[in-house]
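# Here is my input; please provide its structure:
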Amino acid sequence: MGLHHSGVAACLLLAIGLAVVMLKNDWQREKVGNEYRVSTPMMGGVTKTTISSKLRDGPWPACIGMESSECVTLIESDNSNLKVIVVQDGEYVTEDFRLERVWVFVDEDDLVVKPIPGRG
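Here you go, the predicted structure:
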């Protein structure tokens, strides 16, 4: 019986801790020139990461529902060094991870479907 109460207390403390972290000002993003600085809660502290305002490294959730050519144009305009490959949804693709490659999966109408296009 005592073990159950300590589990409830631990969950309550965890929820309070998460609420405090989420309410802290340094968890929000701040604009620095043309870039954003994002604070990411991590175990052991908070890491600050600077990302481009255009998110040039992906993923590209805006592509979902677009025609494949529009999606390819969007990705290449963000980063012209990427090799964008369009494949039919369900088609086999190699499973090796490559930072210079973006898979774009399309349905029979040539519309981009999930997974969201991203590096890999």
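# contacts and neighbour counts: CA atoms only from here.
Noted.
# Can you get me a residue count around the closest residue to residue 76 other than its chain neighbours?
Among residues not flanking residue 76 along the chain, residue 82 sits closest, at 6.7 Å (CA to CA, 6 or more residues apart in numbering). Residue 82: 18 surrounding residues under other CA atoms under 10 Å.
# Run through the residues that contact residue 119.
By CA atoms under 8 Å, 6 or more residues apart in numbering, the residues touching residue 119 are 57-59, 98-103.
# hmm, I was thinking of residue 58
So residue 58 contacts 117-119 (CA under 8 Å, 6+ apart).
# and what of residue 9?
Counting by CA under 8 Å, 6+ apart, there are no residues that residue 9 touches.
# quick one: what helix or strand has it in it?
helix 2-23 (DSSP states H and E).
# Okay, now the unreliable bits of this protein?
1-5, 11, 14-15, 17-56 (pLDDT under 70).
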